[in-house]
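Student: coordinates only, sequence not included:
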C-alpha cells in the first residue's frame, strides 16, 4: 500500500523547514558558515561530475587508477556475501568496479541526499547487475539512518565512502561519522574509505580553482539553491568563490566571499554581509597515512589494509572495528 499524498507533502515541508532553520543559523554565526551538503541539489550534483572531469582535478583520476589496479585485492579482503552500503552514491563509476569484483554481494544500498543523483546512480547500476538487489535510501548519511533489510541475509556489512568526502568534515565531525560507520559494520564488517593524501600545495589548490571556473560555479550554486528553494535573494554576481590550502591545518578551506557590503533576505529574516566577508562552505582535509590511522583509532577503528595510486596522491583504506 502506498503512503497517502499528505504524508509525502508533510515530509517535504519538514525537510524545507529544517533546511531554512539550518541555513539561517549559519548566516547568524560569526563567522558565517554553511554545510557543504547544500551543494548537492540536482544541478550541484551535475556540476560536481563536471569538476571531476577538469584537468586540474587529480583526485578522481588517481582514485580510479588505484581502483583498477587493486579492486580485486580489495574484494578478497572484504570477503563474500556482503551488504554494500555507499554513502553519497554520486555517479557510481567506482561502485561499478567494486560490485563487479565482490564475491556474491547480497545487495547494494546507495545512501544519497539528492533524489536526482540517487535515481541516476540506480539507472546506471541496476541494468549492469540484475542479480544484485538494489535498495536505495534517500537520506542524509550524516544523520542516524536505518538500513533496509535485503531479501538474502548478509554475512557482513561493508560501508563504502569513496571520493575523499570524509575530508569535508572537521575532526570532531569526521570522528562522529566514523563512529556511525563502526556501529553499522559491527564486528565482522569493514569500511572502505577514500582519502586524499598530503602533497604539494600548488597541485592541491589548482584542483579547487580550475581554469574553466566549474568549481566556482559549483560553489555559488549553493546560493542559487537558497534562492530557488528558500526564496532568498542572493545576487550571485556580488559573491565569489575562494579556495585556499591551509598548510598548518592540512586542508583546503572554501569560502563564498561578499564582493561588497550588502544585505540578503530569506523569508522574514535579513542578513548583512560586509565587503570581503567570507562565509565558510567547505573543508577538504588532506591526510598523511599516520594522521588518518590516528583519526580512525579515535572512532574505535583500525586500518587493516591501504592502497594508493602509483604517485601516492590518493589512498583507499580498509577499516575494521578495533
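Tutor: Received the coordinates, thanks. This is a predicted model, so every value here is computed, not measured.
Student: Please make it C-alpha for all contacts and neighbour counts, starting now.
Tutor: Noted.
Student: roughly how far apart are the residue most central in space within the chain and residue 182?
Tutor: In the chain, the centroid-proximal residue (CA atoms, centre = their mean) is residue 165; its distance is 4.1 Å. Distance, residue 165 to residue 182, using CA to CA, to the nearest Å: 17 Å.
Student: Would you confirm that residue 273 contacts residue 259?
Tutor: No - using CA atoms under 8 Å, residue 273 makes no contact with residue 259, being 9.2 Å away.
Student: Name the helix or strand of the protein that has the lowest mean pLDDT.
Tutor: None of the helices or strands of the chain scores lower by mean pLDDT, DSSP states H and E than helix 5-28, at a mean of 72.
Student: could you list every residue that touches residue 32?
Tutor: Going by CA atoms under 8 Å, 6 or more residues apart in numbering, residue 32 touches 26, 278, 279, 280.
Student: The third one and residue 33 touch, don't they?
Tutor: Yes - the pair residue 279 and residue 33 passes the contact test of CA under 8 Å, sitting 5.2 Å apart.
Student: what ranges do the helices span in the stretch 51-200 of the chain?
Tutor: Taking DSSP state H, counting those that start in this stretch to define them, one finds helices in the stretch 51-200 of the chain at 58-78, 93-101, 115-125, 171-185.
Student: okay, the ones you listed in TSV with mean pLDDT and mean neighbour count next?
Tutor: Listed next are the helices of the stretch 51-200 of the chain as TSV, based on pLDDT from 0 to 100; neighbours: other CA atoms under 10 Å:
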stretch	mean pLDDT	mean neighbour count
helix 58-78	97	17
helix 93-101	93	17
helix 115-125	84	18
helix 171-185	97	18
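Student: Among the ones you listed, single out whichever gets nearest to residue 237.
Tutor: Residue 237 lies closest, by CA to CA, to one member of the helices of the stretch 51-200 of the chain: helix 115-125, at 27.0 Å.
Student: what's the angle between the closest one and helix 93-101?
Tutor: For helix 115-125 against helix 93-101, the angle by axes from the mean of the first three to the mean of the last three CA atoms, to 10 degrees is 40 degrees.
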